[in-house]
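Participant: pasting the sequence and the predicted coordinates here, then a few questions.
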Amino acid sequence: MIRTNEGDVFIKRYALSVRDAASILPYHGFVHHLAKRGISTPTFMPFADDLGGSASGGPIWATDSALTIGGTVYEVCAKSEGDDRYIDALSWDPPRTVSEAEQLGAFMARMSMAAEGYDAPRPAAPNPFQNRFGLFATADFDAAVKAWLEERPVVRDYLKSTDRHLMQDLDLHRCYVEKVSGPYGALPSCWTHGDPHISNFLWQGDRPSSIFDFGLADRNTALFDLVETLERNTIRFVSIMNGDDDAYCADTAAAIIRGYNGVIPLSSSDLALVADMLPVCQSEAALNWIAYYVEGTHRPQDAAWCYDISLMGHTAWFARPSGQRYLDAIRMAA
């Protein structure tokens with residue numbers, strides 16, 4: 001956060017090995033679309049058209065609201081109003097109250113409605129920093145995985161160099177893929193936030209007042225963002241991976257669904273699909289982020305976490321008694 005004469009602004013940078021302007025501008029457009037339709041979110045500021053030349057970091061060029069300097073891309077947005085009460089929350093920490101959870105669900109439903117009409121396609125080229133759901137919702141799963149890896153040679157080479165046996169390991173996921181592929185493919189696509197954890201909202205009272213950090217936004221479906229809201233805020237995976245299998249919040253999940261259902265009615269079929277998606281909702285992202293940690297941050301231990309914990313460990317929990325009880329609670333939440 002930087003204080004300027006025009007007010008406080010937030011500056012974020014990406015390495016070009018992770019993202020370029022072509023992959024950033026579509027979600028900038030999504031944010032502007034949401035803001036125009038009444039969703040409180042800080043929009044991205046355009047850079048001057050005549051920026052150019054070079055600096056110590058390399059060549060400089062601006063493309064609307066993305067500024068590239070050498071091997072780095074920058075974006076700038078204004079500060080939003082609200083209480084950043086979850087600034088210190090860890091991944092998968094839940095909201096403190098059921099009321100906050102219900103209002104979070106309602107906010108996400110309103111945001112999904114506002115997303116309608118933003119028709120930008122997914123960026124054509126995959127990049128290491130994205131949250132897409134589609135690979136684990138394909139009818140010909142094995143063929144889709146092989147094609148997916150061919151488009152992501154960094155992930156493919158990592159799996160080979162670390163002697164991972166992906167196709168065999170994915171036996172854990174196949175039962176969910178079979179359930180999801182048909183009904184998910186029939187859903188209309190729209191842009192999604194992709195990381196609706198409580199820490200990516202500002203708050204007033206028990207309500208989210210603003211949503212930010214759209215770095216994982218992509219074109220998925222509205223139901224995917226509901227699934228992500230549940231996964232991020234009602235399953236305490238850090239505790240679960242440390243041995244506490246019962247570290248889930250069924251009351252929080254029910255409240256999120258109740259709030260969402262008050263804006264966008266959910267059928268029993270919708271909730272059945274939500275329950276089937278949850279075990280694999282992060283599986284594609286987990287594989288994809290391997291490239292981010294291999295090329296972007298050069299942290300092989302985090303790449304191993306993506307595979308061993310996020311891809312395998314999280315999905316495995318849903319087949320155990322506690323995970324099954326959680327999914328049953330989702331199915332019965334309406």
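Facilitator: Looks like it arrived, so ask away.

Participant: the host helix or strand of Met113: which residues count as buried?
Facilitator: If you go by DSSP states H and E, Met113 is part of helix 98-115. Burial within helix 98-115, assessed by neighbour count using 16 or more other C-beta atoms under 10 Å, is assigned to 98, 100-115. Glycine gets a C-beta too; all of them are placed from N, C-alpha and C.

Participant: how about it as PDB, C-alpha atoms only?
Facilitator: Taking Å, rounded to 0.1, in the frame of the first residue of the first chain, the C-alpha atoms of helix 98-115 are listed here in PDB:
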ATOM      1  CA  VAL A  98     -22.400 -17.600  11.400                       C
ATOM      2  CA  SER A  99     -23.900 -14.200  10.600                       C
ATOM      3  CA  GLU A 100     -20.700 -13.200   8.700                       C
ATOM      4  CA  ALA A 101     -20.800 -16.600   6.900                       C
ATOM      5  CA  GLU A 102     -24.400 -16.000   5.800                       C
ATOM      6  CA  GLN A 103     -23.700 -12.500   4.500                       C
ATOM      7  CA  LEU A 104     -20.600 -13.900   2.700                       C
ATOM      8  CA  GLY A 105     -22.800 -16.400   0.900                       C
ATOM      9  CA  ALA A 106     -25.300 -13.700  -0.100                       C
ATOM     10  CA  PHE A 107     -22.400 -11.400  -1.400                       C
ATOM     11  CA  MET A 108     -21.000 -14.200  -3.500                       C
ATOM     12  CA  ALA A 109     -24.400 -14.800  -5.100                       C
ATOM     13  CA  ARG A 110     -24.900 -11.100  -5.900                       C
ATOM     14  CA  MET A 111     -21.400 -11.000  -7.400                       C
ATOM     15  CA  SER A 112     -22.200 -14.100  -9.600                       C
ATOM     16  CA  MET A 113     -25.300 -12.300 -10.800                       C
ATOM     17  CA  ALA A 114     -23.300  -9.200 -11.600                       C
ATOM     18  CA  ALA A 115     -20.800 -11.300 -13.500                       C
END
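
Participant: helices or strands up against that helix?
Facilitator: helix 21-36, strand 189-192, strand 201-204, strand 207-211, helix 222-234, helix 250-261 (3 or more C-beta pairs under 8 Å, 6 or more residues apart in numbering; DSSP states H and E).

Participant: the ones you listed: which one's closest to Leu51?
Facilitator: helix 21-36 (12.5 Å; C-beta to C-beta).

Participant: one step back: helix 222-234 and the helix holding Met113, what's the angle between them?
Facilitator: 160 degrees (axes from the mean of the first three to the mean of the last three C-alpha atoms, to 10 degrees).

Participant: tell me which helix or strand comes right after helix 98-115.
Facilitator: Next along from helix 98-115, by DSSP H and E: helix 141-150.

Participant: what sits against the closest residue to Ala66 other than its chain neighbours?
Facilitator: Spatial nearest neighbour of Ala66, excluding adjacent residues (C-beta to C-beta, 6 or more residues apart in numbering): Ala21 at 3.9 Å. Counting by C-beta atoms under 8 Å, 6 or more residues apart in numbering, Ala21 makes contact with 63, 66, 68, 73.

Participant: I'd like the helices and strands packed on helix 98-115 written out as JSON lines, with mean pLDDT added.
Facilitator: Formatted as JSON lines, the helices and strands packed on helix 98-115 follow (pLDDT from 0 to 100):
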{"stretch": "helix 21-36", "mean pLDDT": "97"}
{"stretch": "strand 189-192", "mean pLDDT": "98"}
{"stretch": "strand 201-204", "mean pLDDT": "98"}
{"stretch": "strand 207-211", "mean pLDDT": "98"}
{"stretch": "helix 222-234", "mean pLDDT": "99"}
{"stretch": "helix 250-261", "mean pLDDT": "99"}
